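*Asks:* Just to be clear, the model below is a prediction. Sequence and coordinates:
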Amino acid sequence: MRIGIGSDHNGFELKEEIKAFIEKTFAHELVDYGCHSCDSVDYPDVAFDVSEAINEDKLDRGILICGTGIGVAIAANKYPGIRAALAHDTYSAERAQLSNNAQVITMGSQIIGPEAAKKVVEAYLASVWAEGSKRKVDKIMKKEKEFFGGGLGITAAGTQCR
């Protein structure tokens, strides 16, 4: 699995801990989209970069971190075809994938500690969408396609169609 990870300056330290955890625990390819220090960074830029890479099939999933996890979730969800879910517990992380086929989870470094965050990431990466809620996800994606005037549309599986 190809995983993108990114944060703003508020999430930098937690991102680095999660990055080390993934590299040590899993055999997944991990791509760091920044930020690379505690210097101020606008979270939408990082969220858009990860979201774009997912839509271009460069990544399978993404993990985004800011102070609360809310800002990066909102930003990622503005990108066509992306379903980002805020997850601060293992059940939400599992359901993000199992019920919603979320390509991205988000967390807040001011909300969740490193050990709990690692468990959330582990639960998310271990979950595989079995299309149980495909009808619902398809409805979301259909509405998104309507908003974009019939142009680029994304299926529930995350693939692009015209």
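*Replies:* Looks like it arrived, so ask away.

*Asks:* and the most centrally placed residue in the chain, what is it in contact with?
*Replies:* Geometric centre of the chain, nearest residue: V104, 1.5 Å, by Cα atoms, centre = their mean. Shown in contact with V104 (Cβ atoms under 8 Å, 6 or more residues apart in numbering): 50-51, 54, 61-64, 73, 76, 82-85. (C-beta placed from N, C-alpha, C; glycine too.)

*Asks:* let's go with 7 Å and repeat that
*Replies:* By Cβ atoms under 7 Å, 6 or more residues apart in numbering, the contact set of V104 is V50, R61, G62, L64, A76, I82, A84.

*Asks:* One more: I18?
*Replies:* By Cβ under 7 Å, 6+ apart, the contact set of I18 is I5, I63, A117, K118, V121.

*Asks:* Could you identify the pair within these that is furthest apart?
*Replies:* I5 and K118 (12.7 Å; Cβ to Cβ).

*Asks:* Neighbour count: these two, which is higher?
*Replies:* Using other Cβ atoms under 10 Å as the criterion, I5 and K118 rank with I5 on top: 24 against 18.

*Asks:* Tell me the secondary structure at the more buried one.
*Replies:* Three-state assignment for I5 (DSSP: H, G, I helix; E, B strand; the rest coil): strand.

*Asks:* That one against C35, yeah?
*Replies:* No - the criterion here is Cβ atoms under 7 Å, and I5 misses it with C35 at 10.9 Å.

*Asks:* Between the two, which contacts overlap?
*Replies:* Counting by Cβ under 7 Å, 6+ apart, no residue touches both I5 and C35.
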